[in-house]
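A.B. asks: Sequence plus the predicted model coming up.
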Amino acid sequence: MKASILVVEDNEDLCQTIADVMKREGYVVKTASSGEEALSKIERGLTDLVLLDIKLPKMSGLEVLAKLRDMTPDLLVIMITALTDARPAVEALKSGAYDYLLKPFELDELKLVVAKALETHRLKLEVARLKEQQRRRFPESGLYGESKAMQEVRNLISLVAETPRTSVLIQGESGTGKELVADDIHNRSSRADKPIIKINCAAIPENLLESELFGYEKGAFTDAKGTKRGLFELAHGGTIFLDEISSTRMALQPKLLRVLETSTFRRIGGTSDITIDVRIIAATNQNLEVCVRDGTFREDLLYRLKVMVINLPPLREHPEDIIPMAKLFLEQNNREFNKNIKSISPEAEEKMLNYAWPGNVRELKNVLERACILCKKEDIVPELLHLEPLDIRATMGTAAANGKKTAAASPSGLSAETLQEVEKQHILRTLDKYHNNKSKTAKMLNISRSTLREKLKEYGID
């Protein structure tokens, strides 16, 4: 479909010349000699791009531009000016114009600027279309579940996405989808066209985390051969996601607090403040209020982070989502592995419903992926579900949610135990299996080393 261009120029000869050139390039062209006429034509018909003279009778080009921004914010506008003073052109760019041309300009220059503007606009529309297509195919950017609990999470995401400066604290066990929530908040916000920079605070050594976040100046320390920009600078205009925020050392927390309060920081070794515009989203699988009582997390930082708190429930607390999510993962795996698995057997469904899912949605997704790879028939059967080393044979969800004791048949056939005791024994068995190697144990349990350390401390395991 040919692009539609409106030429707004009070010089009749120049207006006709520009119109003729644009028509020869294959565009549909309309003309207007005043701002009022231009606004009227834009209201009455579809326009892709406006070539707008800054100096017009009665209503100036800048005034027309301001009204266009209110009417159609995405409309491409290229300003035309004969003024030797560049200030009006710069002001036009600040007000949302795509580019400007200085009279007298070459016709080849005009054609090039128009073609570039329309191609940029086309690419933006294509990206938006693909994003919408992806959103429809995989709703909520991978945040699955239709239970009441998950609907409440989605409602909070929608609310906070509309306030692009509000800091967010996401709380939930490992595998519940904290990173997916951060992605969804970013993608739904006005920052979506800017980067979302992610860092796992527990995965980087304490002595390196500060330089990763804030950067450093040349000569700040022995190995600082040049200036390095930190992740906060790289995220300017977008979002920074600080996963496992509880792992940050106390000495670093005041710098994080300062960024939250003033949007400024200094690189290591720097002498001047750097101002940034970022939204901070933090996530944790720990109770930060307990960390505050233990003296490992600053209370003022906690309250500054938790302007908006999103609590992700563990999978055992919304078991009604287990089978629908399993079927969705089955469909995805069929496409990825070119399989034609048609269903999950009733026995396999029962096995999934009676399992505690300590690794939550991430574990469910991994279990289904493995089962699909191994499946040679049209059904997923119980034998394909690798739910080792613990298969809970009692309904966990309701009792766990109510804080009651839950009956769990352990591999040794012991009597009823609390969920906490089952978890402790599970950790002990896994530690023993890997000869107390904490890295391998954490990997097997599908948790981070820092989470494992907290669990060992909680259960008094030396």
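C.D. replies: Received, thanks. Numbering: from 1, shown residues only.

A.B. asks: dump the residue contacts of the residue lying closest to residue 282 once chain neighbours are set aside.
C.D. replies: Leaving aside its chain neighbours, residue 282 sits nearest to residue 245 (4.1 Å; criterion: CB to CB, 6 or more residues apart in numbering). Bear in mind the C-beta positions are built from the backbone N, C-alpha and C, glycine included. Neighbour list for residue 245: 169, 201, 282, 283, 284, 288, 305 [criterion: CB atoms under 8 Å, 6 or more residues apart in numbering].

A.B. asks: Ranking by neighbours, what's the top pick from these?
C.D. replies: residue 282 (27 neighbours; other CB atoms under 10 Å).

A.B. asks: Would you agree that one is in contact with residue 240?
C.D. replies: No: contact criterion CB atoms under 8 Å: residue 282 and residue 240 do not qualify, at 9.2 Å.

A.B. asks: C-terminal to the helix or strand where residue 153 lies, what's the next element?
C.D. replies: Element membership for residue 153, per DSSP states H and E: helix 148-161. Downstream of helix 148-161, the next assigned helix or strand under DSSP H and E is strand 168-171.

A.B. asks: Check the offset of the helix or strand following that next one from the chain's centre.
C.D. replies: As assigned by DSSP H and E, the chain's next helix or strand after strand 168-171 is helix 178-188. Averaging C-alpha positions (CA atoms, centre = their mean, to the nearest Å) puts helix 178-188 4 Å from its chain's average.

A.B. asks: Check stretch 213-221 too.
C.D. replies: 28 Å.

A.B. asks: so who does residue 282 touch?
C.D. replies: Contacts for residue 282 were tallied using CB under 8 Å, 6+ apart; they are 167, 168, 169, 170, 241, 242, 243, 245, 305.

A.B. asks: Pretty sure residue 174 sits against residue 362.
C.D. replies: Yes: assessed by CB under 8 Å, residue 174 is found in contact with residue 362 at 7.4 Å.

A.B. asks: okay, and the common contacts of these two?
C.D. replies: residue 446.

A.B. asks: residues near residue 300, how many?
C.D. replies: 13.

A.B. asks: I'd like the next helix or strand past the helix or strand where it lies.
C.D. replies: In this structure, residue 300 sits in helix 299-305 according to DSSP H and E. Sequence order places strand 308-311 as the next helix or strand after helix 299-305, per DSSP H and E.

A.B. asks: Partner strands of that following strand and their direction?
C.D. replies: Here strand 308-311 is paired, per DSSP bridges, with strand 168-171 (parallel).

A.B. asks: In this structure, which residue is most central in space?
C.D. replies: residue 183 (1.9 Å; CA atoms, centre = their mean).

A.B. asks: Check the contact between residue 273 and residue 263; I expect there is one.
C.D. replies: No: applying CB under 8 Å, one finds residue 273 not in contact with residue 263, separated by 9.7 Å.

A.B. asks: Compare these two and say which is more crowded by neighbours.
C.D. replies: Set side by side, residue 273 and residue 263 show more neighbours around residue 263, with 16 against 13, by other CB under 10 Å.

A.B. asks: thinking that one is in contact with residue 280, fair?
C.D. replies: No: with contact defined as CB under 8 Å, residue 263 does not reach residue 280; the gap is 9.8 Å.

A.B. asks: mind giving me JSON lines with the contacts of residue 245 and columns for pLDDT and secondary structure?
C.D. replies: Formatted as JSON lines, the contacts of residue 245 follow (pLDDT from 0 to 100; DSSP: H, G, I helix; E, B strand; the rest coil):
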{"residue": "169", "pLDDT": "97", "secondary structure": "strand"}
{"residue": "201", "pLDDT": "93", "secondary structure": "coil"}
{"residue": "282", "pLDDT": "97", "secondary structure": "strand"}
{"residue": "283", "pLDDT": "97", "secondary structure": "strand"}
{"residue": "284", "pLDDT": "96", "secondary structure": "strand"}
{"residue": "288", "pLDDT": "94", "secondary structure": "helix"}
{"residue": "305", "pLDDT": "94", "secondary structure": "helix"}
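
A.B. asks: Okay, buried residues for the helix holding residue 300 please.
C.D. replies: Neighbour-count burial for helix 299-305, counted by 16 or more other CB atoms under 10 Å, picks out 301, 302, 304, 305.
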